[in-house]
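Asker: just coords:
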Ligand SMILES: CCCCCCCCCC(=O)SCCNC(=O)CCNC(=O)[C@H](O)C(C)(C)COP(=O)(O)OP(=O)(O)OC[C@H]1O[C@@H](n2cnc3c(N)ncnc32)[C@H](O)[C@@H]1OP(=O)(O)O
């Protein structure tokens, strides 16, 4: 992917304009799937990320690091932090554009250690769209929205069809969303 100093997005893009049905700035975003490791409320050791819509094509998320998320003693595991950014970036894409999309590429810069007990404030912004490709980036700041940057991330999401989840996913779990083998629910316009 891009290296520091290279342009981002890496290709010509159109502005990422939020969908007319996207939640308004200030809206809290709920759990998109209760078993999601990033936001799900039924995953005890999950990240329990909470997100809301901000001004601009931006979603802000908070993630508090617990002992379940350690790599070194008292410090967050880098892979866990990447996971938090995947969720925060995906939440911006899914909720603002309302197109089912999956992460194709995720790049993280770990700028400073993130201790257990600290809360990362992640601001994810849609940077542009090129066909099915959606470019999005985020900063994660320690313990306050204006705290020091601890992690930065950039990602490419690719919009997929309904069949991505029905073909590759768990059909029984999808039935929870009212998905049959043939029919897509009318309101199923973001990721399950
Ligand atoms: C409200 C909802 C909140 C949701 C939050 C959820 C956050 C979590 C999101 C995830 O973690 S999703 C799970 C992790 N990701 C995956 O499992 C995706 C696995 N990969 C795939 O399924 C396919 O590779 C993929 C759908 C991404 C692309 O396959 P396709 O066959 O549909 O498309 P194609 O390979 O033609 O790629 C489309 C475009 O993207 C480009 N592309 C794809 N992968 C790329 C890559 N890795 N790097 C750069 N470009 C890439 C590709 O070159 C092409 O560019 P062009 O249109 O310009 O030709």
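Answerer: Received the coordinates, thanks. Keep in mind the model is a prediction, meaning the values are calculated, not measured.
Asker: ok, which stretches of this structure are helices?
Answerer: All helices of the chain, identified by DSSP state H, fall at 78-97, 163-168, 171-175.
Asker: Ok, which of these comes nearest the ligand?
Answerer: helix 78-97 (2.4 Å; CB to the nearest ligand atom). To be clear about C-beta, it is placed using only N, CA and C from the backbone, and glycine gets the same treatment.
Asker: buried residues in the closest one?
Answerer: Neighbour-count burial for helix 78-97, counted by 16 or more other CB atoms under 10 Å, picks out 80-97.
Asker: and what of stretch 64-76?
Answerer: 65, 69, 76.
Asker: for the record, mean pLDDT for it?
Answerer: For stretch 64-76, mean pLDDT rounds to 97.
Asker: again with stretch 92-102
Answerer: Averaged over stretch 92-102, pLDDT sits at 95.
Asker: contacting residues around it?
Answerer: Defining contact as CB atoms under 8 Å, 6 or more residues apart in numbering, one finds that stretch 92-102 is touched by 16, 18-19, 21-23, 29, 32, 51, 53, 57-59, 90, 124-126, 129, 134, 136, 138, 157-162, 164-165, 189-191.
Asker: So which of those reach the ligand?
Answerer: Filtering these for proximity to the ligand by CB under 6 Å from any ligand atom leaves 32, 90, 158, 160, 190-191.
Asker: Which of those residues sits closest to residue 110?
Answerer: residue 90 (19.5 Å; CB to CB).
Asker: for the closest one, what are its contacts?
Answerer: When contacts are counted by CB under 8 Å, 6+ apart, residue 90 touches 38, 101, 103, 157, 191.
Asker: okay, the residue lying closest to the second one once chain neighbours are set aside: pLDDT?
Answerer: The reference is to residue 101. Sequence neighbours aside, residue 157 is the residue nearest to residue 101 in space, at 4.2 Å (criterion: CB to CB, 6 or more residues apart in numbering). pLDDT, residue 157: 98.
Asker: Might one say that residue 157 is in contact with residue 130?
Answerer: No - using CB atoms under 8 Å, residue 157 is not in contact with residue 130; the gap is 11.4 Å.
Asker: neighbour count winner among these two?
Answerer: Taking neighbours as other CB atoms under 10 Å, residue 157 and residue 130 compare with residue 157 leading, 27 against 14.
Asker: Look up how far residue 166 lies from that one.
Answerer: Per CB to CB, to the nearest Å, residue 157 is found 19 Å from residue 166.
Asker: Check residue 23 too.
Answerer: 26 Å.
Asker: same question, residue 69
Answerer: Per CB to CB, residue 69 is found 32 Å from residue 166.
Asker: Next: residue 160.
Answerer: Taken as CB to CB, the span from residue 160 to residue 166 is 11 Å.
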